[in-house]
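*Asks:* model the following, please.
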Amino acid sequence: VIKKILVIGPTASFIPWEEEFQACFGRPAKKIRLRGNLASELPRLSDAYELFLMHFSTAMNKVFEIREFLQKHKTALIIDESHNIKNPNLKRWARAALEVAGDATRRIILSGTPMPNDARDLWTQITFLWPDTPPLGPQLQFNDQIKRIGGLPERYREILDPLYCRITKKDLGLPEPKFENYPVNLGPVQRRIYDVIAAKTLEEINSFREQSRLQKFRTAKMTRLLMTASNPSMLKEYSTTFNVDSEQFGLFAESVEQSPISELSVYDSIVSYSENEIPSKIVKAGKIAHELLEQGEKVLIWSSFKHNMKVFKEEIFAGENPILISGDVPKEPPSDYKGTSSPRDDLIQEFKNDPNPRVLIATPASLAEAVSLHKNILDERVCSNAIYLDRNFNGAQFMQSMDRIHRIGMIHGEGIPNVTYHLIIAKNTIDEKIDERLWDKNKQM
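*Replies:* Numbering: from 1, shown residues only. So this is what the prediction gives:
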């Protein structure tokens, strides 16, 4: 039926696709990774290869070349981590996916989190599969009904049920993971700063009149609260303007001007915060991690903020050589790179293959998808504990991040520690609302 496979997905998925091809067919694939100018040559290169791997950001700029390739060859077009095309407002990548879909011989989508926010996330993905006769009907009508009843109407459930194949962790025989909640009181200085900023936030949102900009305005406000609950020292860097990436925080991306922190009564406390107090959440995370290290365990710590990673490296784990992975660590090898693979992949391998207990600190945006941290190449158990210093409203990131250590092939049984997620939640802060919202999203999905 098909002669070629074109996979569009995150860079981290490329190696697994190459490995699985060999596992399925008993031989290495004639493969090519299409980046930059090379992607422009897709139609010309297509005769020489059978497995083509392309990143989302490359694909959305090569719609013409992809369509020409698909029209030339019988191809299975696969979108891996397909929730990336979910955007209900049909932004650039979602539009590109629908434009190329009709030319493919077969279409497949793969995702562990197909509806990270709500059922509206499904429309683009399902329409990609059947672009000529969209099973879910017109997008506006679909979105309107979900918004109106707050969930997926029964008639859409009946349509969707035959259209997907789901393998649960129970099917795979994986043990239930443990969730440990740690409600933490903010320190006195942090509490005072948080309460002032929370009161100011409420006052400003209530006085806002321009509804069209309210969501963008709230985005900046929520981000400021997230930072304050995590580490008030960060407020100095983002004193008046926020430009927060929507994929990172699960909020709408927008640069928003807001009241400068210099106008707040707690301004001096913010400026001098790091001299007077270490945030209680960071202290708690360090305590949990050190106890696990003493037990001989490796530990994964998640935080949305690079500033916190720096505090961990220089203060909490000083002298213990923690591994840090954020968006600043290149996924592709620079021209002068002397390592084995890429800076990011080599750090992952260092964590997995070091026989000693280690700490890996990462942002969910950089490591939540397509990475396995449960075992290494020698089939040895690597990591069974993940500490969440802070979380945001991005449901896909939270759910995907949990699967880095709880997945098929994990080593479990009598005497082997179970996977445990340690959730640190600042009491009487936005953390509690985020926790509630994330579990709502998880339950809906």
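*Asks:* spell out the secondary structure type for the most centrally placed residue in the chain.
*Replies:* What sits nearest the mean C-alpha location of the chain, by C-alpha atoms, centre = their mean, is Gln397, with 3.1 Å. Secondary structure, DSSP: H, G, I helix; E, B strand; the rest coil: Gln397 is helix.
*Asks:* got any ranges where the stretch 151-300 of the chain has weak pLDDT?
*Replies:* 208-217, 238-259 (pLDDT under 70).
*Asks:* what segments of it are strands?
*Replies:* Ranges of strands in the stretch 151-300 of the chain, per DSSP state E, counting those that start in this stretch, are 178-184, 241-243, 255-257, 298-302.
*Asks:* which residues of the stretch 251-400 of the chain fall in helices?
*Replies:* Secondary structure of the stretch 251-400 of the chain by DSSP state H, counting those that start in this stretch: the helices cover 267-271, 273-276, 280-294, 306-311, 343-353, 364-367, 395-402.
*Asks:* which of the ones you listed sits most buried?
*Replies:* Burial of those is given as mean neighbour count (mean count of other C-beta atoms under 10 Å); helix 395-402 ranks first at a mean of 24. Quick note: C-beta positions are derived from backbone N, CA and C, even for glycine.
*Asks:* so what touches that one?
*Replies:* Contacts with helix 395-402, where a contact means C-beta atoms under 8 Å, 6 or more residues apart in numbering, come from 83, 112-113, 116-117, 177, 248, 250, 302, 364-365, 367-369, 386, 391, 421, 437-438, 441-442, 445.
*Asks:* weed out the non-buried ones from the residues you listed.
*Replies:* Buried residues within those, counting neighbours by 16 or more other C-beta atoms under 10 Å: 83, 112-113, 116-117, 177, 248, 250, 302, 364-365, 367-369, 386, 391, 421, 437-438, 441, 445.
*Asks:* now Glu414, what are its backbone angles?
*Replies:* phi -60, psi 130 (degrees, to the nearest 10).
*Asks:* what's the helix or strand for Leu53?
*Replies:* strand 51-54 (DSSP states H and E).
*Asks:* just the CA coordinates for stretch 315-322, please, in PDB.
*Replies:* Provided in PDB are the C-alpha atoms of stretch 315-322 (Å, rounded to 0.1, in the frame of the first residue of the first chain):
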ATOM      1  CA  GLU A 315      23.400  26.400  46.300                       C
ATOM      2  CA  ILE A 316      21.300  23.300  47.000                       C
ATOM      3  CA  PHE A 317      23.500  20.800  45.100                       C
ATOM      4  CA  ALA A 318      26.800  22.700  45.100                       C
ATOM      5  CA  GLY A 319      29.600  20.200  44.800                       C
ATOM      6  CA  GLU A 320      27.300  17.400  43.700                       C
ATOM      7  CA  ASN A 321      27.600  18.000  39.900                       C
ATOM      8  CA  PRO A 322      23.900  18.100  39.000                       C
END
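*Asks:* for that stretch, what is the average pLDDT?
*Replies:* Computed over stretch 315-322, the mean pLDDT rounds to 94.
*Asks:* where does it sit relative to the chain's centre, distance-wise?
*Replies:* 25 Å (C-alpha atoms, centre = their mean, to the nearest Å).
*Asks:* what comes up buried for that stretch?
*Replies:* Quick answer for stretch 315-322 (16+ other C-beta under 10 Å): Ile316, Phe317, Pro322.
*Asks:* how about the contacts made by the last one?
*Replies:* Same thing as Pro322. With contacts defined as C-beta under 8 Å, 6+ apart, the neighbours of Pro322 are Phe312, Lys313, Arg358, Val359, Leu360, Ile361.
*Asks:* can you check the pLDDT for the third one?
*Replies:* It stands for Arg358. Per-residue confidence at Arg358 stands at 97 (pLDDT).
*Asks:* check the first one too.
*Replies:* If you check Phe312, the pLDDT there is 97.
*Asks:* what's the distance between it and Arg27?
*Replies:* Separation of Phe312 from Arg27 (C-beta to C-beta, to the nearest Å) stands at 44 Å.
*Asks:* these two: which is more packed in?
*Replies:* Phe312 (22 against 8; other C-beta atoms under 10 Å).
*Asks:* number of nearby residues for the closest residue to that one other than its chain neighbours?
*Replies:* Counting by C-beta to C-beta, 6 or more residues apart in numbering, Phe312 lies nearest to Ile361, which is 5.3 Å off, once chain neighbours are set aside. Counted with other C-beta under 10 Å, the neighbours of Ile361 add up to 28.
*Asks:* beta-bridge partners for Ile361, please?
*Replies:* Per DSSP bridges, the residues bridged to Ile361 are Ile301, Leu324.
*Asks:* so it makes contact with Leu324?
*Replies:* Yes - between Ile361 and Leu324 a contact is recorded at 5.2 Å, counting by C-beta atoms under 8 Å.
*Asks:* between these two, which contacts overlap?
*Replies:* Met309, Phe312, Lys313.
*Asks:* distance of the last one from Ile325?
*Replies:* Separation of Lys313 from Ile325 (C-beta to C-beta): 12 Å.
*Asks:* circling back: distance to Arg224 added to the helices of the stretch 251-400 of the chain, as a markdown table?
*Replies:* A markdown table is the format used below for the helices of the stretch 251-400 of the chain (distance: least, C-beta to C-beta, whole Å):
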| stretch | distance to Arg224 |
| --- | --- |
| helix 267-271 | 11 |
| helix 273-276 | 14 |
| helix 280-294 | 16 |
| helix 306-311 | 14 |
| helix 343-353 | 30 |
| helix 364-367 | 19 |
| helix 395-402 | 20 |
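*Asks:* tell me which of the ones you listed lies nearest to Leu98.
*Replies:* Across the helices of the stretch 251-400 of the chain, Leu98 has its closest neighbour in helix 395-402 (19.9 Å, C-beta to C-beta).
*Asks:* immediately after that closest one, which helix or strand?
*Replies:* strand 420-426.
*Asks:* tell me what that next one is packed against?
*Replies:* Counting contacts by 3 or more C-beta pairs under 8 Å, 6 or more residues apart in numbering; DSSP states H and E, strand 420-426 is packed against strand 178-184, helix 280-294, strand 383-388, helix 430-444.
*Asks:* in it, which residues are buried?
*Replies:* Buried residues in strand 420-426, counted by 16+ other C-beta under 10 Å: Thr420, Tyr421, His422, Leu423, Ile424, Ile425, Ala426.
*Asks:* Val271: which of the residues you listed is nearest?
*Replies:* Nearest to Val271 among these, with distances taken as C-beta to C-beta, is Ala426, at 21.1 Å.
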